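# any chance you could fold what I've pasted below:
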Amino acid sequence: MHRRPRAPKHSPVIKRSAPDVPVPPDCDPDSVVLRFPVPHELDGQRLDRFVEWRIPRLSRIRAAQIVEACARRDDGSRRRPSDRVRSGEHVILVRERFVEPPTPMEFGVLYQDEAVTAVDKPAGLPVHPSATYHRNTLTSLMRQRFGPEGPHLCHRLDRETSGVVVCASRGPDEVAVKRQFAGRGVEKEYLAIVRGLVSVDVQSVSLPMRRVTEGLHMKMEVHPDGLPAFTEVVVLEHRGAHTKVLLRPRTGRQHQLRVHLSAIGHPIVGDKLYGPDGGDSFLAWAEFGMTEQLLGRFGHHRHALHAHRCAIDHPRTGERLSFEAPLSADLEALWASFEP
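Got it, this is the predicted structure:
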């Protein structure tokens, strides 16, 4: 049975959550504490390397400086850049409270029951804490709305990507849903606005990917030594010199959709890393912010990518659930701005 869930009639009562993470001993109680879980594939990596991987745009030197200044153990003792991280542990960074950049602070609820919650994340809202964002994240807003024991996010979207995020109740429900994401049991569909007229109505892009070895370390690239990556691209509409496409990723590599579309000559409008200039404008944006000149170069203030639909099996009943988020207003306006 295939059922399209509806959003609840009434939003849950907003609860004031407890602090996100306990502050280790001997630290300022008003400090911001970040906890980063270590995945099994990074077991044994140097701590500074892990921090460099986990926080975008850090150099190796800056990552080592952050470890020296901020890395702590649960008992409050300090850690060294050369320490090795272990699978399953949480790397703790403690820093003085800082002013976060403004972000959207509201999100929609698409569906909710005792086991599963699906939300519509706005563009510009980070999913998890980072060096720049702590309380202005979807994770923090979820705690504020549903309480500290509320549903837990089961996957992530890039900060600039809008759309469906699936969450589950902590415990067996969360484990079951995360296994579906890890085991490719989830159907995902994205909408994107890309540059140029895509000539093939339906095409399968099969290009292996890996992290770049030179330049901006957060970028991915197509490379024969990379991991397999598959994306189905379906043309929905042409408008002027642009195309609206439906994307069905068959694998879940980082930046997969953005890299694949750029590789076939149709980068996503607004993509700062994989746009027509190959990311040359990214550093200018990172240093000076979005200027009129850069906005003209990028074509939109954020990359025009939206997580439109996600389907999972209910962790308790096995029933197939499908969640949809309509194309965000800014991308609707962007598409309408192009000449037919």
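
# hmm, R84 is touching L47, no?
Yes: with contacts counted by C-beta atoms under 8 Å, R84 reaches L47, the gap being 7.1 Å. Where C-beta positions appear, they are placed from N, C-alpha and C, glycine not excepted.

# between the two, which has more neighbouring residues?
L47 (21 against 11; other C-beta atoms under 10 Å).

# out of everything not next to it in sequence, what's closest to that one?
Once flanking residues are discounted, L47 sits nearest to D83: 4.3 Å by C-beta to C-beta, 6 or more residues apart in numbering.

# again with L138
L138's closest residue in space is V127 (C-beta to C-beta, 6+ apart), at 4.9 Å.

# at which residues are the strands of the stretch 1-150 of the chain located?
2-3, 32-37, 71-72, 90-95, 108-112, 116-121 (DSSP state E, counting those that start in this stretch).

# now do the third one: everything it contacts.
If you take C-beta atoms under 8 Å, 6 or more residues apart in numbering as the criterion, strand 71-72 is touched by P24, C27, L47, V51, R78, R79, R80, D83, V91, I92, L93, V94.

# of the strands of the stretch 1-150 of the chain, flag the one that's most buried.
Comparing those by mean neighbour count (mean count of other C-beta atoms under 10 Å), strand 116-121 ranks first with a mean of 24.

# for it, what does the pLDDT average out to?
Mean pLDDT, strand 116-121: 97.

# re the thing from before, adding distance to P148, write the strands of the stretch 1-150 of the chain out as a markdown table.
Shown next, in a markdown table, are these (distance: least, C-beta to C-beta, whole Å):
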| stretch | distance to P148 |
| --- | --- |
| strand 2-3 | 30 |
| strand 32-37 | 14 |
| strand 71-72 | 21 |
| strand 90-95 | 16 |
| strand 108-112 | 17 |
| strand 116-121 | 15 |
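
# among these, which gets the worst mean confidence?
strand 2-3 (a mean of 46).

# doesn't E287 belong to a strand?
No: applying DSSP: H, G, I helix; E, B strand; the rest coil, one finds E287 to be helix, outside a strand.

# and L334, that's in a helix?
Yes: assessed with three-state DSSP, L334 lies in a helix.

# thought it was touching L191?
No: between L334 and L191 there is no contact under C-beta under 8 Å: 11.5 Å.

# which of these two has more neighbours?
L191 (23 against 20).

# re earlier: surely the residue nearest to L47 touches R46?
Yes: counting by C-beta under 8 Å, D83 touches R46, with 7.3 Å between them.

# looking at the two, which is more packed in?
Comparing D83 with R46 by other C-beta under 10 Å, the one with more neighbours is R46, at 19 against 16.

# the closest residue in space to that one that isn't next to it in sequence - how many residues pack around it?
Counting by C-beta to C-beta, 6+ apart, S82 is the residue found nearest to R46 once chain neighbours are left out, at 6.0 Å. For S82, the neighbour count with other C-beta under 10 Å is 11.

# and S82, how far is that from S59?
According to C-beta to C-beta, to the nearest Å, S82 stands 17 Å off from S59.

# in the protein, where is pLDDT below threshold?
The model of the chain has pLDDT under 70 over residues 1-21, 26, 28-30, 56-57, 97-98, 130-134.

# try 80
Scanning the chain for pLDDT under 80 picks out 1-32, 56-58, 95-102, 128-136, 215-217, 278-279.

# where along it do the helices fall?
Applying DSSP state H to the chain gives helices spanning 47-54, 60-70, 138-146, 172-182, 256-263, 282-288, 292-298, 329-336.

# take those and lay them out in JSON lines including distance to D225.
As requested, these are exported to JSON lines (distance: least, C-beta to C-beta, whole Å):
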{"stretch": "helix 47-54", "distance to D225": "19"}
{"stretch": "helix 60-70", "distance to D225": "22"}
{"stretch": "helix 138-146", "distance to D225": "34"}
{"stretch": "helix 172-182", "distance to D225": "23"}
{"stretch": "helix 256-263", "distance to D225": "15"}
{"stretch": "helix 282-288", "distance to D225": "24"}
{"stretch": "helix 292-298", "distance to D225": "30"}
{"stretch": "helix 329-336", "distance to D225": "35"}
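
# to P315, which of those lies closest?
helix 172-182 (3.7 Å; C-beta to C-beta).

# show me what that closest one is packed against.
strand 162-168, strand 305-313 (3 or more C-beta pairs under 8 Å, 6 or more residues apart in numbering; DSSP states H and E).

# mind putting these in CSV, mean neighbour count and distance to P267 included?
CSV is the format used below for these (neighbours: other C-beta atoms under 10 Å; distance: least, C-beta to C-beta, whole Å):
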stretch, mean neighbour count, distance to P267
strand 162-168, 26, 18
strand 305-313, 22, 11
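
# export these to JSON lines and append columns for distance to R73.
Listed next are those as JSON lines, based on distance: least, C-beta to C-beta, whole Å:
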{"stretch": "strand 162-168", "distance to R73": "29"}
{"stretch": "strand 305-313", "distance to R73": "36"}
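
# out of these, nearest to A286?
Among the helices and strands packed on helix 172-182, strand 305-313 sits nearest to A286 (C-beta to C-beta), with 19.2 Å.
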